[in-house]
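Asks: need coordinates for the following:
(one chain, ligands or ions: 2)
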Amino acid sequence: MNIILANPRGFCAGVKRAISIVESALKIYKQTIYIKHELVHNKYVVNKLSLKGVIFVEKISQIPDFSVVVFSAHGVSKQVKKEAIKKKLIILNATCPLVTKVHMEVSKSSSKGIETILIGHKGHPEVEGTMGQYNNKNGQIYLIQSLKDVDNLSVKNIEKLNFVTQTTLSILNTKKIISALKNKFPKISGPYKEDICYATTNRQIAVSQLSKITDMILVVGSKNSSNSNRLAELGKETGTFTKLIDSFLDIKEEWFKNINNIGITAGASAPEILVKEVIQYLKKIGANKKIRIIGKEEKKVFKISKNTIYKAFN
Ligand code: 0JX
Ligand code: SF4
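Replies: Numbers count the residues shown, from 1 in each chain. Ligands and ions are numbered 1, 2, ... in the order given. The predicted structure is shown next:
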């Protein structure tokens, strides 16, 4: 069995930034750090931070007044921010700058009363945060997830309409939905392509390449990670036997019957240590020691600026 590693894989710039915000907070503040939602959707990362004393909450009401809160990389709604300010929390905003960019777009449409369509997955925290940037009662934001939703959608004013997307969607599916939207609403405006981020795009391209030269793909990532799920979905769509695993512990030896070339990738929230452990395990069960690497590494870095910290009091 040969191992082929995809590049890029694993942590994106937004995830690295979010983790380093929490690590700095742990050093700076001599009090409990609360995180609104899982900082990133990865079991290993969440467990590690929990061991360092961080407390994850789903609601701002669970946090004592005057505490430190970190907003997860997926972002929060305006309402959540308001609640945090009301409780006089110190807010560290770990929302990925690329999610913030989408928030700003929705906020702009909202203030102009332009109806907005968000392509995304219902119930995902990024979608909740993005929907929650629209607060103009005279306009509306609509969530659509499929071509069928485009068919069923009716808006008040087809002349003034905007669309945005979740950042971690399937490139291929989203293209289809956008083109259906443009057919139905020829005057709709939106981003040049879509708001799917560079990290999601690059990891999907790498999986497509991997699928051409492997007969099995292991995607390291947690079950609630949208971008990791899209990688596994893409692998399967290419006809390659693909599995989404949290760690090497999820692997079953029976998967490897008649497998010659195993591809490995990792979602944007999955740390490299988990990939290393998978490689170690595969070598133990007989995979070749020499590993082939395809693609190019990413170099993007997102800085942490002063306005990452928002103090609701002095
Ligand atoms: O579920 P997602 O892919 O949106 O999030 P995850 O797995 O935490 O990835 C990093 C954060 C991405 C935000 O866009
Ligand atoms: Fe940002 Fe993309 Fe990473 Fe999400 S997956 S945190 S949008 S870079």
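Asks: for the closest residue to residue 90 other than its chain neighbours, list the residues it contacts.
Replies: The shortest distance from residue 90 to any residue that is not its chain neighbour, by CB to CB, 6 or more residues apart in numbering, is 4.6 Å, and that residue is residue 68. In this view, the C-beta of every residue, glycine as well, is placed from N, C-alpha and C. Shown here is residue 68, whose contacts under the criterion CB atoms under 8 Å, 6 or more residues apart in numbering are 25, 29, 31, 32, 33, 34, 89, 90, 92.
Asks: separation between residue 68 and ligand 1?
Replies: Shown here: residue 68 relative to ligand 1, a distance of 21 Å by CB to the nearest ligand atom, to the nearest Å.
Asks: again, but for residue 307
Replies: With CB to the nearest ligand atom as the criterion, residue 307 and ligand 1 are 19 Å apart.
Asks: around that residue, count how many other residues there are.
Replies: Other residues within reach of residue 307 by the criterion other CB atoms under 10 Å amount to 7.
Asks: and it, what pLDDT?
Replies: In the prediction, the pLDDT value recorded for residue 307 is 80.
Asks: now do residue 294
Replies: You'll see residue 294 listed with a pLDDT of 98.
Asks: would you say it is within a strand?
Replies: Yes. Using DSSP: H, G, I helix; E, B strand; the rest coil, the secondary structure at residue 294 is a strand.
Asks: what's the nearest residue to it if we skip its chain neighbours?
Replies: Of all residues apart from its sequence neighbours, residue 209 sits closest to residue 294 (CB to CB, 6+ apart), at 5.8 Å.
Asks: just to revisit the earlier point, distance of the residue nearest to residue 90 from residue 21?
Replies: Distance, residue 68 to residue 21, by CB to CB, to the nearest Å: 11 Å.
Asks: shared neighbours of those two, anything?
Replies: When contacts are counted by CB under 8 Å, 6+ apart, the set common to residue 68 and residue 21 consists of residue 92.
Asks: re earlier: out of the contacts of residue 68, which is nearest to ligand 1?
Replies: Taking CB to the nearest ligand atom as the measure, ligand 1 sits nearest to residue 92 out of these, at 15.9 Å.
Asks: please, which helix or strand holds the closest one?
Replies: Taking DSSP states H and E as the definition, residue 92 sits inside strand 90-93.
Asks: neighbouring strands for that strand, and are they parallel or not?
Replies: When pairing is defined by DSSP bridges, strand 90-93 lines up against strand 68-71 (parallel), strand 309-311 (antiparallel).
Asks: what comes up buried for the following helix or strand past the first one?
Replies: Downstream of strand 68-71, the first helix or strand assigned by DSSP H and E is helix 78-86. Neighbour counts over helix 78-86 (16 or more other CB atoms under 10 Å) mark 78, 80, 81, 83, 84 as buried.
Asks: which two of the residues you listed have the greatest separation?
Replies: Across the buried residues of helix 78-86, the two members that end up farthest from each other (CB to CB) are 78 and 84, 10.8 Å apart.
Asks: endpoints of stretch 236-248, how far apart?
Replies: This stretch, stretch 236-248, spans 20 Å end to end (CA to CA, to the nearest Å).
Asks: is ligand 1 within reach of it?
Replies: No. For stretch 236-248, no contact with ligand 1 is found by CB under 6 Å from any ligand atom; the gap never falls below 11.4 Å.
Asks: quick one: buried residues of that stretch?
Replies: In terms of neighbour count (16+ other CB under 10 Å), stretch 236-248 has its buried residues at 236, 240, 241, 242, 243, 244, 245, 246, 247, 248.
Asks: these in helices, which ones?
Replies: Secondary structure defined by DSSP state H assigns residue 236 of the buried residues of stretch 236-248 to helices.
Asks: what does the protein put close to ligand 2?
Replies: Counting by CB under 6 Å from any ligand atom, the positions of the chain adjacent to ligand 2 are 12-15, 73, 96, 98-99, 167-168, 197, 199-200, 227, 268.
Asks: quick one, what contacts residue 166?
Replies: By CB under 8 Å, 6+ apart, residue 166 lies in contact with 118, 119, 120, 121, 124, 126, 127, 130, 195, 196, 226.
Asks: right, I'll leave it there.
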